[in-house]
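> attaching a predicted model along with its sequence, questions to come.
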Amino acid sequence: GENVEQHPSTLSVQEGDSAVIKCTYSDSASNYFPWYKQELGKRPQLIIDIRSNVGEKKDQRIAVTLNKTAKHFSLHITETQPEDSAVYFCAASMWSGGGADGLTFGKGTHLIIQP
Amino acid sequence: EAQVTQNPRYLITVTGKKLTVTCSQNMNHEYMSWYRQDPGLGLRQIYYSMNVEVTDKGDVPEGYKVSRKEKRNFPLILESPSPNQTSLYFCASSALFRDEQYFGPGTRLTVT
């Protein structure tokens, strides 16, 4: 099955700086890569996702890049703000018109924004 | 209000006593899933369902059962709970598999 490695497990950055979280996956057939944010005591929420037919996707201060050859994808947050403090999870899966495999998550990155 | 609900939110039980955690969504979503979350291990998928009467094993299905008799409901059944099933459980749903998953509020289960 799919295996997703996520690094770092903890990331501390100064407010206003950029943060980068990296994930690698093992199954070259995977083609769907979402990122979820989980604030303390709350449920995970999707912040951005990317499919294997694109290499980069942006949404305001958040961007995700995908390198299918190297089997890795990254989350970039620019101009970090206190409300960005949370645990971030990457995930990977394969889907097609005939169905899908399950969604495999990385172990998470605790992002701390220092004032 | 569009939402995913889970019941109970908190449960303390003893080893071997069968229990069911219910999950219901009111968004007419086809895809539903169960995850467990443990410190340092992230979210791990237990079972998922692409549609009514269709279920598949996730990464950690041992000790769990599910059923999808109706589109809106996806209960998680622990026939004989054990202490290693103590965890925070999330149900999630999405319109289709590749769409955003909406998570329920979570169920914190303790098995003694």
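Structure's in. What do you need?

> quick one: the strands in chain A?
A:4-7, A:10-14, A:19-25, A:32-38, A:45-51, A:56-59, A:62-67, A:72-77, A:86-92, A:95-96, A:99-100, A:104-105, A:109-114 (DSSP state E).

> can you check chain B too?
B:4-7, B:10-13, B:19-25, B:31-38, B:42-51, B:54-57, B:65-66, B:76-78, B:87-94, B:102-103, B:107-111.

> for the ones you listed, could you give me TSV that also reports distance to A:Ala19 and mean neighbour count?
No exception for glycine: its C-beta is placed from N, CA and C like everyone else's. Below are these laid out as TSV (distance: least, Cβ to Cβ, whole Å; neighbours: other Cβ atoms under 10 Å in any protein chain shown):
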stretch	distance to A:Ala19	mean neighbour count
strand B:4-7	29	18
strand B:10-13	33	13
strand B:19-25	32	18
strand B:31-38	22	24
strand B:42-51	18	22
strand B:54-57	34	16
strand B:65-66	36	18
strand B:76-78	34	19
strand B:87-94	25	23
strand B:102-103	23	20
strand B:107-111	29	18
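
> within range of chain B, give me the residues from chain A.
Contact residues (Cβ under 8 Å from any Cβ of the partner chain) of chain A with chain B: A:1, A:6, A:32, A:34, A:36, A:43-46, A:49, A:51, A:89, A:91, A:93, A:95, A:99-100, A:102-108.

> circling back to that earlier point, nearest to B:Arg44, of the strands of chain A?
Each of those has some distance to B:Arg44 by Cβ to Cβ; the shortest is strand A:104-105, at 7.0 Å.

> tell me how far B:Ser80 lies from B:Gln101.
Distance, B:Ser80 to B:Gln101, by Cβ to Cβ, to the nearest Å: 29 Å.

> need the least confident one among the strands of chain A, by mean pLDDT.
Per-stretch mean pLDDT for those is lowest at strand A:99-100 (a mean of 64).

> can you show me the CA trace of stretch A:46-54 as PDB?
Taking Å, rounded to 0.1, in the frame of the first residue of the first chain, the C-alpha atoms of stretch A:46-54 are listed here in PDB:
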ATOM      1  CA  LEU A  46      -8.900  20.900   3.700                       C
ATOM      2  CA  ILE A  47      -6.700  23.900   2.800                       C
ATOM      3  CA  ILE A  48      -5.500  23.000  -0.600                       C
ATOM      4  CA  ASP A  49      -5.200  20.000  -2.900                       C
ATOM      5  CA  ILE A  50      -3.400  19.100  -6.100                       C
ATOM      6  CA  ARG A  51      -3.900  16.500  -8.800                       C
ATOM      7  CA  SER A  52      -1.100  14.900 -10.800                       C
ATOM      8  CA  ASN A  53      -1.900  16.700 -14.000                       C
ATOM      9  CA  VAL A  54      -0.500  20.000 -12.500                       C
END
